[in-house]
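Asks: quick one, what's the 3D model for this:
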Amino acid sequence: MSSNFRVSPVPSSEEMDLGALFKAVWQQKKLILLIVAGSGLLAAAYAFLATPEYQVSSVLRPAAINELDALNRSEIYQLPPSEALIKVGAALESYETRLGFFKANQKLFAAFERPGRTLEQSFEEFNHNSISLVLPDAKKAYSLSSYIKLEMRYPEGVDGVAILNNFIQYAIVNERKQIAADLSVIVKNRLNELSGKLAAARSSYETEKEAKIALLRESDNLRRAQLQDELKALRTQLKTQRDNRMAQLTEAIGIAKSLGIQRPTTPSSLGESERSTGSATMRTEVNNQQYPLYFMGVDALEAEKSTLKLRKSDDFTAERVAQIAKELQLLESNREVEVLKERKNEDLFLAGVEPLRAEMTRLSSLSIEMSRLKLVAIDKLALEPLGPQDPKKAFLIILGLLVGLVVGLACALLRYSHKRRSASGSGVPLEAPQSVIPGDGIRSVSQRR
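Replies: I've put the predicted structure just below:
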């Protein structure tokens, strides 16, 4: 309270002298000292009787790059050290993680349990008042690297060091398990995707194979039909040629009979025979002309005609018939179709699946020792504090004495002001008090009245 404290002016309008005010306060020094002593005693009692509260902290920093190299080289899960630190920090701040640790270590939290409270209510008190997460200020230039600081305040009787250190390990283990689960799901999904692609390639191959077999069979059937049509047409042609030949022979036989040609002859021989005198002669005739058919004579022509009538098939007369028969025989069985159907390990014939198989093999043999995966570096473990954080005994005692002094001065001034008002109301001038007895009030020194 300010020392220039003023009381109500007296009716005579004279102002209070500072010296008189100081003298009045000094006269009440016992009251002031009594209040100061009482306030100091109360502060000291609180300082020594209040339950001490301690504070511990732990600092986490990003892990070294080589600690996460095996995970990052898997090419399916990328986790830089900075992101790993953020993941662990999020786990430390997670309500679910803290509640899980609270339930799993109830012996460490016996001091937080209260009669009539549920386990969740006891945890809420611990979670709200005890643990806090401190992040670096990005605006401060002296923060050379990222870190996470976890602080905990706890009352005496609680093993705060064990709680904080175990909680950090619990959060790291949980996050490691979560990463392992995520990695397992990613690998499984990737394998399913590759299996689907391989199955699609296998289905495509089966479809292509069936299409190829159908195409080969269709080609064979078409070729077979064409050859059969050609053979039928060729046989019809051969039969027509035979019929034509027989008609020619019949005509030639009639001509030969009319000329009296019984055996094969030539035009020159036929003319000479009419002028022949009976002497035997041998003639040799060379020419390049084809004689009419009747020069073969009746005997030869009739013999040929009779043979043609007895013929059952004309196939042997055309070389193409044998060729068609050969091709039809080859078309009875398609060896390419048989080979396609008899394939055992058809995956060997799938096109473009080698990278898929290689990736499936790599993922199936992927082995990362998750228990050795170091997500963060614990730069500072929680240690037993040297002393309690609260209450600060010296500070509280000094504060209590100061508060007592202010309250004492205020009481003294209020009593002096009240005395002045009472004296001014009675019309008796008030002189400076001579003595102050605690509990009896301010006595007037005017004995004349």
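Asks: just the element for the spatially most central residue of the chain, please.
Replies: The residue lying closest to the centre of the chain (Cα atoms, centre = their mean) is Ile186, at 5.4 Å. Element membership for Ile186, per DSSP states H and E: helix 160-259.
Asks: give me the mean pLDDT for that helix.
Replies: On average, the pLDDT along helix 160-259 is 92.
Asks: helix/strand/coil for the nearest residue to the residue nearest to the centre of the chain once chain neighbours are set aside?
Replies: Of all residues not flanking Ile186 in the chain, Ile76 sits nearest, at 5.3 Å (Cβ to Cβ, 6 or more residues apart in numbering). Using the backbone N, CA and C atoms, a C-beta is placed for each residue, glycine as well. Using DSSP: H, G, I helix; E, B strand; the rest coil, the secondary structure recorded for Ile76 is coil.
Asks: residue contacts, Ile76?
Replies: By Cβ atoms under 8 Å, 6 or more residues apart in numbering, the residues touching Ile76 are 183, 186-187, 190, 363.
Asks: repeat that for 7 Å
Replies: The contact partners of Ile76, taken as Cβ atoms under 7 Å, 6 or more residues apart in numbering, are 186-187, 190.
Asks: cool, and Lys380?
Replies: Neighbouring residues of Lys380 by Cβ under 7 Å, 6+ apart: 58-59.
Asks: name whatever forms a beta bridge with it.
Replies: Note on Lys380: beta-bridge partners by DSSP bridges are Val59.
Asks: now it: how far from Lys149?
Replies: Counting by Cβ to Cβ, to the nearest Å, the separation of Lys380 from Lys149 is 8 Å.
Asks: helices of the stretch 251-400 of the chain, start to end?
Replies: For the stretch 251-400 of the chain, the helices defined by DSSP state H, counting those that start in this stretch cover 267-275, 297-310, 319-330, 335-341, 354-364, 393-426.
Asks: closest to Gln228 out of the ones you listed?
Replies: helix 319-330 (7.2 Å; Cβ to Cβ).
Asks: which strands and helices lie in contact with the closest one?
Replies: On a contact count with 3 or more Cβ pairs under 7 Å, 6 or more residues apart in numbering; DSSP states H and E, helix 319-330 meets helix 160-259.
Asks: run the chain-centre distance for the helix it packs on.
Replies: The chain centre lies 37 Å from the centre of helix 160-259; the measure is Cα atoms, centre = their mean, to the nearest Å.
Asks: so what does that helix touch, helix or strand wise?
Replies: strand 53-62, helix 81-93, helix 95-104, strand 148-155, helix 297-310, helix 319-330, helix 335-341, helix 354-364.
Asks: the fifth one vs helix 160-259, what angle?
Replies: Just to be clear, that refers to helix 297-310. 150 degrees (axes from the mean of the first three to the mean of the last three Cα atoms, to 10 degrees).
Asks: and helix 297-310, what's buried?
Replies: Across helix 297-310, burial judged by 16 or more other Cβ atoms under 10 Å covers 297-298, 300-302, 304-305.
Asks: now stretch 317-325
Replies: For stretch 317-325, a neighbour-count test (16+ other Cβ under 10 Å) marks 318, 321, 324 as buried.
Asks: so what touches that stretch?
Replies: With Cβ under 7 Å, 6+ apart as the test, stretch 317-325 has contacts from 227, 230-231, 234, 238, 315.
Asks: so which of those residues is the closest to Gln329?
Replies: Leu227 (10.2 Å).
Asks: pLDDT score assigned to the residue lying closest to that closest one once chain neighbours are set aside?
Replies: Leaving aside its sequence neighbours, Leu227 sits nearest to Ile324 (Cβ to Cβ, 6+ apart; 5.0 Å). Model confidence at Ile324, given as pLDDT, is 93.
Asks: from the contacts of stretch 317-325, which two are the most distant?
Replies: Greatest spatial distance among the contacts of stretch 317-325 (Cβ to Cβ): Leu227 and Leu238, at 15.8 Å.
Asks: if we can go back for a sec, can I get the buried residues of helix 297-310 in TSV including pLDDT?
Replies: Listed next are those as TSV, based on pLDDT from 0 to 100:
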residue	pLDDT
Gly297	87
Val298	88
Ala300	90
Leu301	89
Glu302	91
Glu304	89
Lys305	89
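Asks: got JSON lines for these, with distance to Leu401 too?
Replies: Shown next, in JSON lines, are the buried residues of helix 297-310 (distance: Cβ to Cβ, whole Å):
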{"residue": "Gly297", "distance to Leu401": "167"}
{"residue": "Val298", "distance to Leu401": "168"}
{"residue": "Ala300", "distance to Leu401": "163"}
{"residue": "Leu301", "distance to Leu401": "162"}
{"residue": "Glu302", "distance to Leu401": "164"}
{"residue": "Glu304", "distance to Leu401": "157"}
{"residue": "Lys305", "distance to Leu401": "159"}
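Asks: what is the nearest of those to Pro81?
Replies: Using Cβ to Cβ, Glu304 comes nearest to Pro81 of the buried residues of helix 297-310, at 107.2 Å.
Asks: hang on, that closest one packs against Leu249?
Replies: Yes. The criterion here is Cβ atoms under 7 Å, and Glu304 meets it with Leu249 at 5.8 Å.
Asks: count of neighbours near Leu41?
Replies: For Leu41, the tally of surrounding residues (other Cβ atoms under 10 Å) stands at 14.
Asks: for it, give its distance to Gly160.
Replies: Counting by Cβ to Cβ - Leu41 and Gly160 are separated by 31 Å.
Asks: for Asp159, grab phi and psi.
Replies: phi -80, psi 80 (degrees, to the nearest 10).
Asks: that one and Leu108: what is the separation?
Replies: Separation of Asp159 from Leu108 (Cβ to Cβ): 6 Å.
Asks: check contacts around the closest residue to Phe126 other than its chain neighbours.
Replies: The shortest distance from Phe126 to any non-neighbouring residue, by Cβ to Cβ, 6+ apart, is to Phe112 (4.8 Å). Residues counted as contacts of Phe112 (Cβ under 7 Å, 6+ apart) are 122, 125-126.
Asks: what does Ala382 give?
Replies: Going by Cβ under 7 Å, 6+ apart, Ala382 touches 56-58, 161, 164-165.
Asks: ok, now Glu359?
Replies: By Cβ under 7 Å, 6+ apart, the contact list for Glu359 reads Leu194.
Asks: pLDDT at it, what is it?
Replies: 89.
Asks: related to what we said a few turns ago, export the contacts of Ala382 as a markdown table, with columns for distance to Ala70 and neighbour count.
Replies: Formatted as a markdown table, these follow (distance: Cβ to Cβ, whole Å; neighbours: other Cβ atoms under 10 Å):
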| residue | distance to Ala70 | neighbour count |
| --- | --- | --- |
| Val56 | 33 | 21 |
| Ser57 | 31 | 17 |
| Ser58 | 26 | 21 |
| Val161 | 32 | 18 |
| Leu164 | 29 | 22 |
| Asn165 | 26 | 18 |
